[in-house]
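Student: Sharing a sequence plus its predicted fold:
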Amino acid sequence: MKEKCPIDLERLHRYAREFESRVSINVRIDNLNKSKAILLDARGDLDNMFSSLMQLLYDTTILKEKEDKILFHWLAEDFARYLKSLDEKENDLVIKFDEPNQESRLGVSRLSSYKKMLKIASDSVIYECLFKASDEYNNLPGEENKEIRTFFYILFQILQVTLSVFGGRERQKGLSRKSVLSSPATDWRTLMSEKGQGMIGEGYTEDIDEKDINFLKDLKDLNSEDEEEEEDEIERVI
């Protein structure tokens, strides 16, 4: 995997090794409390794996254009929704059955389901997507197509498909982004084309509310004022 992937996964692998050592525990009726504690620690490792992946992708050699940053922002939102869904399932399977004043109903089946949920997140959402994206990237014809930005677009599209299965793509508002990304005709090549880049920009503009638009406008105006002040200061010094 490390040899195939064009980004350095060493940090992610460190958390993954800890995760695998914990999530491999055999849940039995005589070790429920120990299993619960270890699996909750594994959940912490899993969160660190998602965080490490996002930090690896947050790189100026990858996110070169405004549209790249928009996709990164969307991916961060998707991961946040997916991790929130894991929190909810964790509460249903483990946390709410750990009340000190109640007889515990936490059993092998619930902990095993929780363990399965964690394994799916690691194997299917993180590693299988990285494997698939690395294979497709390495099989591209011609070295000129192998810029690291291309790998990000491939990975982004594979993650979109995967998260649509596991619950990381629900939107609370707006349909513009869904129409951009969910069309059967949309793939990473389409998104990287001139038309696709325009679609991303339009989807982002429609996806933020008026308050966000005004904030971005004020920020742009503030940057312009700062630039004017710097020019005036330079003239005074000269």
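Tutor: Noted; the coordinates are in hand.
Student: ok, residue 60 - how many residues close by?
Tutor: 7 (other C-beta atoms under 10 Å). Quick note: C-beta positions are derived from backbone N, CA and C, even for glycine.
Student: Got phi/psi on it?
Tutor: Geometry field for residue 60 lists phi and psi as phi -70, psi -20, criterion degrees, to the nearest 10.
Student: per-residue confidence averaged over stretch 51-65?
Tutor: Stretch 51-65 shows an average pLDDT of 93 in the prediction.
Student: i'd like the first residue to be 254 from this point on
Tutor: I'll keep to 254 as the first residue from here, and by that count the last item is stretch 304-318.
Student: Roughly how far does residue 302 sit from residue 392?
Tutor: Distance of residue 302 to residue 392, computed by C-beta to C-beta, to the nearest Å: 26 Å.
Student: Please identify which of those two sits among more neighbours.
Tutor: Here residue 302 and residue 392 are compared on neighbour count by other C-beta under 10 Å; more neighbours surround residue 302, at 24 against 7.
Student: Am I right that the more buried one is in contact with residue 271?
Tutor: No: with the criterion set as C-beta atoms under 8 Å, residue 302 and residue 271 do not qualify as a contacting pair; they are 9.4 Å apart.
Student: mind listing the helices for the protein?
Tutor: For the chain, the helices identified by DSSP state H occupy 263-276, 285-310, 319-346, 361-373, 381-391, 401-419, 429-435, 441-445, 447-460, 463-490, in order along the chain.
Student: mind putting the ones you listed in TSV, distance to residue 257 included?
Tutor: Rendered in TSV, the data for the helices of the chain read as follows (distance: least, C-beta to C-beta, whole Å):
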stretch	distance to residue 257
helix 263-276	13
helix 285-310	15
helix 319-346	21
helix 361-373	22
helix 381-391	4
helix 401-419	11
helix 429-435	26
helix 441-445	17
helix 447-460	26
helix 463-490	38
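Student: To residue 256, which of those helices lies closest?
Tutor: For the helices of the chain, proximity to residue 256 was assessed by C-beta to C-beta; helix 381-391 is nearest, at 9.2 Å.
Student: Many thanks, we can stop here.
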